[in-house]
Structures are given as structure tokens and as C-alpha cells.
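Asker: Give me coordinates for this.
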Amino acid sequence: MIKRFTPALALALLAVACASGSSVTAPSAQRREDVVAAAAGVSHGRLERPDGLRLLRLWGTPEERGFAHGLLLADDIVSSLRSEFASQFAKAPQLLQQARAALPRLIEYPEDFVRELDALWRGVLEAAPDRRMPVFGRALDKVDLLVANAMDVFGLMGCSSFTVWGEQAVGGGVLTARNFDWHITGDHIIEQTLLIVQEHDDGRSTASLGWPGYIGTVSGVSADGVAAYLHVGSARQAMPEPSSWPAATAARKILESRGRGDARIGEAREHVEYTSPPSGFLTHVVLPAVPESGVPAALFEADSRKSVLGDVRSGPCVVTNHFLTRKDGRDAAADSRRRERMLRRGIAGCFELGDQKVDSAEAWDMLREVAVSSRSRFGTLHSLVFRHEPWCFEVAICEKEGRQVVGAPSSSLRYRLTREQVFGAR
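Answerer: Model (predicted):
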């Protein structure tokens, strides 16, 4: 399912997120609450558990949000990165060193992200967790944090998503659904999944499914109803251009934009053009309502050299892991084609039942059909069904049954949050 590109340095970087490793157990819920209690003086963040889902709420300037993030989750950030890097590089520590050395040339963050990450690291240091990494004979440092936040450049993901709108959706509006498929390098990658809500001091807010210390967006929505999802694409693999944004940085920037309707798509394109994904990425952007163009979904197909706005037309919009408009990439993988066919067939099946349209329950059925549940170290880590109006926000996270990874849509870890629980007043 996942291919690697061959230049030696790129292979070293790719190992950051793609190598498999041993499992570890994440901190207990009680320990997390103890961390929160110890950081009770934090004025710009708190941990919540709406419907049982772990949610980190941050508000204020980039510095205020970043510092609160680092202080509240310092132990989890360190333990998660320690476990991840140990599972990746215990047998080849020189690869991590090469990735750290290459990072300043390959990756650049926008100015507000730099401020947020700097403050996040200061929060970690203020909390003073044990940062030792015995495998590498040193302490975890800020460069490790920056490498982790660029993992979409260095690694590949599967993923499936679709969007229907208007008469295609029960209740109207724009209904969208998404599976995030990722390498399960250990229990920490599952147990530390959380929803991170960023409330800017100018009123903008975003909610992204992620992990402690990670500030990008692989799956997220904004308070004004825009959604953004990342999928690996089918580019011909090449080294990224120097000083490029991670795709997850661009995705969060899309959620933070201020444009409305088709103007938002134009802003999204500008953000995607700052990226240079070596194996290609598809960025699926969903608007909260049908704009003047008549199509509330956009698909950006980017590789290391350029991005192309895909031809979505009248919908439904279905995205897996191959370019739909570009013809200069690799041939589509059979598994990607299969998932695309299954989603289109499932949507068409709903339309063929008289007045039947797609509702949230049917969206979950379709996500379940294309999810990954196996004993391998690759699975559907989280899933999301979202609509801004009428509101629908449903999340699932995968779980383990013995050594079996149960893909998120089939997991018992399902959460349904109200608008107030996600974006409500502090």
C-alpha cells in the first residue's frame, strides 16, 4: 500500500513516520488529570472530556496557546516522542540524526507557527518532565519537536473521504466524512489521540484531531464550518523543495483563513502552494455551504514542484490516494482505486433508494467498508463525520483487541459532540 522514495537522505527522513516499532503504554487517565492539576496556574488552556473524548482547549495569542499546550501536556509530549523515536530509530540512530540535520533546510513554518512552537517548548521546559532518551544517550530537545511536527513530509498516510451536499444529504447542508489511515507504531499513537481546539484572540477557532505536541492539521474543522483532510497522493517521488511548509501546516492555515465561499478556496490554494510533498498530497477542503460556483468541495493535488486544483464538478466528491485530475503522477494503486469505487458505489446505492439520501449513519457504514482493521502496523486511526448546519460532529478512534487493530469506524470509542462542546464559550 505504501511506497518509499529512494534517495538516501529522503529515505532517512521518511523513516521518521513510516518505520514500525515496539508498543508502549500511554499514561493513565488519572495521571493526565494529575498533570492538569499540577499546571492549574495555566491561564490559556485546559483539558476537557466532552462525551469522554479527550480535548485540549487553547486560547489567546500563538505564544499563550503554545505555552499552555506545552505546560499542560509536557509529560505526554515527552513520553510520546520518546516512544515514537525509540520505535523508529533504536536500530539506526544515525537516521534520526540525518533527519534533524536536514530539517532547517527542508522545512519552514509560518511566523505564527514559529512563535507557537517556541512557546510550546518553553512550556515543556517549565513543567520540567524527565526528557531523557536512553536509546540515544541524550535528552529530547526542541529539534525533535520540530521533526515530529513535520511528520507528514517525512511519512505517508492512506485515508479515504467523501463529501455530499444539498439534495444528496439528509437534512441538507454539506455532509463530509473521513478515515485517517496511519502506521500504528505503538499503543501511544492510539491512546494519545485527542482533539485540539485552538481559539485565536481574534475570534477564529479550529479543531484538529492530533497528538500532544502536534500543532498541524491532518483532519480538522473550523468554527465557521470549513473542513480540511490530508491524503497521500500518487506523485512521482522526489525530494521536496527547500524551505517548504508541512502539508499539515497548510491545512490548519486553510481552517484559519477568513474568506467566504469561493474566496476561501482561493486562499486555500495559496496555502497549499507553500508545500512541497515528496510523495504528493491531496488536500480535501470542504465549505460549510454551497457557494456561487455550486460546488462546496475542492481537491488540491500537490507534489514537490506544483499544486493543481482538481476537477470536482457537481459531486459527490470522493478522495482516496491517487490524483484524479493530474496525469503526471504514478499509476493509481489498486487499493486506492478499490476504496474509491466502494465509496462511490455506497453513495450511489443511497441515491437509488427512491428519496433516500446520505445520512450520518450511512456515512459511518461507508467509512467502515473502507477502513483498515488488521494485525499489521497500519490501520484507520481516527474517523470523522461532520456537517456545520445542521450540526453534526462525530469522531471515532481505533482500539486494540489483543494484537488486533480495530479500525476507528468499527471501534467502541465513538463520540458525538455538540457545537458548544467543540467551540463553546470558555
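Asker: SS state for L282?
Answerer: Three-state assignment for L282 (DSSP: H, G, I helix; E, B strand; the rest coil): strand.
Asker: How about it: which residues does it bridge to?
Answerer: Assessed by DSSP bridges, L282 has beta-bridge partners H231, E301.
Asker: list the contacts for the nearest residue to G45 once chain neighbours are set aside?
Answerer: Residue nearest to G45 in three dimensions, not counting chain neighbours: A68, with 2.9 Å by Cβ to Cβ, 6 or more residues apart in numbering. (Glycine included, C-beta is placed from N, CA and C.) By Cβ atoms under 8 Å, 6 or more residues apart in numbering, the residues touching A68 are V42, S43, H44, G45, L58, G60, G123.
Asker: what's around the fourth one, how many residues?
Answerer: Neighbour count for G45, taken as other Cβ atoms under 10 Å: 27.
Asker: That one and R65 touch, don't they?
Answerer: Yes - taking contacts as Cβ atoms under 8 Å, G45 lies within contact range of R65: 6.9 Å.
Asker: between these two, what contacts are shared?
Answerer: L58, W59.
Asker: Now do the strands in the stretch 251-400 of the chain.
Answerer: Secondary structure of the stretch 251-400 of the chain by DSSP state E, counting those that start in this stretch: the strands cover 281-286, 297-302, 307-309, 317-319, 378-387, 392-397, 399-401.
Asker: show me what contacts the residue nearest the centre of the chain?
Answerer: The residue lying closest to the centre of the chain (Cα atoms, centre = their mean) is V218, at 1.7 Å. Shown in contact with V218 (Cβ under 8 Å, 6+ apart): D152, M157, F180, S208, L209, G210, Y229, L230, A248, A251.
Asker: how close does the residue lying closest to it once chain neighbours are set aside sit to R178?
Answerer: Closest residue to V218 apart from its sequence neighbours, by Cβ to Cβ, 6+ apart: L230 at 4.9 Å. Separation of L230 from R178 (Cβ to Cβ, to the nearest Å) stands at 10 Å.
Asker: residues shared between the contacts of these two?
Answerer: C159, S219, H284.
Asker: how far away is the first one from T206?
Answerer: Computed as Cβ to Cβ, the C159 to T206 distance reads 19 Å.
Asker: before we move on, back to that, mind putting the strands of the stretch 251-400 of the chain into JSON lines with distance to D365 and mean pLDDT?
Answerer: Output for the strands of the stretch 251-400 of the chain, formatted as JSON lines (distance: least, Cβ to Cβ, whole Å; pLDDT from 0 to 100):
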{"stretch": "strand 281-286", "distance to D365": "20", "mean pLDDT": "97"}
{"stretch": "strand 297-302", "distance to D365": "20", "mean pLDDT": "96"}
{"stretch": "strand 307-309", "distance to D365": "30", "mean pLDDT": "94"}
{"stretch": "strand 317-319", "distance to D365": "15", "mean pLDDT": "96"}
{"stretch": "strand 378-387", "distance to D365": "11", "mean pLDDT": "95"}
{"stretch": "strand 392-397", "distance to D365": "13", "mean pLDDT": "98"}
{"stretch": "strand 399-401", "distance to D365": "19", "mean pLDDT": "91"}
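Asker: Please identify the most buried of these.
Answerer: With neighbours taken as mean count of other Cβ atoms under 10 Å, those reach their highest mean count in strand 281-286, at a mean of 28.
Asker: For that one, give me every contacting residue.
Answerer: 152, 161, 163, 174, 176, 178, 226-233, 247, 250-251, 254, 264-265, 268, 272, 275, 296-302, 310, 317, 319, 321, 323, 386.
Asker: quick one: least confident helix or strand in this structure?
Answerer: In the chain, no helix or strand scores lower on mean pLDDT, DSSP states H and E than helix 8-18, which sits at a mean of 40.
Asker: Span of stretch 397-416 from start to end?
Answerer: End-to-end distance for stretch 397-416, by Cα to Cα, to the nearest Å: 12 Å.
Asker: on that earlier part again, flag whichever of the contacts of V218 scores worst on pLDDT.
Answerer: Within the set of those, pLDDT is lowest for M157 (63).
Asker: Relative to E167, how far out is D75?
Answerer: From D75 over to E167 (counting by Cβ to Cβ), the distance is 50 Å.
Asker: what's the residue nearest to E108 when sequence neighbours are not counted in contact with, if anything?
Answerer: The shortest distance from E108 to any non-neighbouring residue, by Cβ to Cβ, 6+ apart, is to S243 (4.1 Å). The contact partners of S243, by Cβ under 8 Å, 6+ apart, come to R105, L106, I107, E108.
Asker: Which of the residues you listed fall within helices?
Answerer: R105, L106 (DSSP state H).
Asker: doesn't R313 make contact with T325?
Answerer: No - contact criterion Cβ under 8 Å: T325 and R313 do not qualify, at 10.5 Å.
Asker: more neighbours, the two?
Answerer: Regarding T325 and R313, a neighbour count based on other Cβ under 10 Å identifies T325 as having more, with 12 against 8.
Asker: what's that one sitting at in phi/psi?
Answerer: Main-chain torsions, T325, degrees, to the nearest 10: phi -110, psi -50.
Asker: I'd like the distance from it to A333, if you could.
Answerer: 17 Å.
Asker: which residue ranges form the helices in the stretch 251-400 of the chain?
Answerer: Assigned by DSSP state H, counting those that start in this stretch, the helices in the stretch 251-400 of the chain fall at 262-272, 334-351, 360-369.
Asker: pLDDT weak spots in the stretch 301-426 of the chain?
Answerer: Scanning the stretch 301-426 of the chain for pLDDT under 70 picks out 353-355, 425-426.
Asker: what about the residue lying closest to P316 once chain neighbours are set aside, distance to G173?
Answerer: Spatially, and ignoring its direct neighbours in sequence, P316 is nearest to V164 (4.6 Å; Cβ to Cβ, 6+ apart). Distance of V164 to G173, computed by Cβ to Cβ: 10 Å.
Asker: And those two? Which one has more around it.
Answerer: Neighbour count, other Cβ under 10 Å: between V164 and G173, V164 has more, with 27 against 21.
Asker: Please tell me I have it right and that one contacts G346.
Answerer: No - between V164 and G346 there is no contact under Cβ under 8 Å: 10.8 Å.
Asker: Distance check, the residue nearest to E108 against P110.
Answerer: 11 Å.
Asker: same question, M366
Answerer: 35 Å.
Asker: Who has more neighbours out of the two?
Answerer: Legend: neighbour count by other Cβ under 10 Å for M366 and P110, higher for M366 (25 against 16).
Asker: Give me the secondary structure label for T176.
Answerer: strand.
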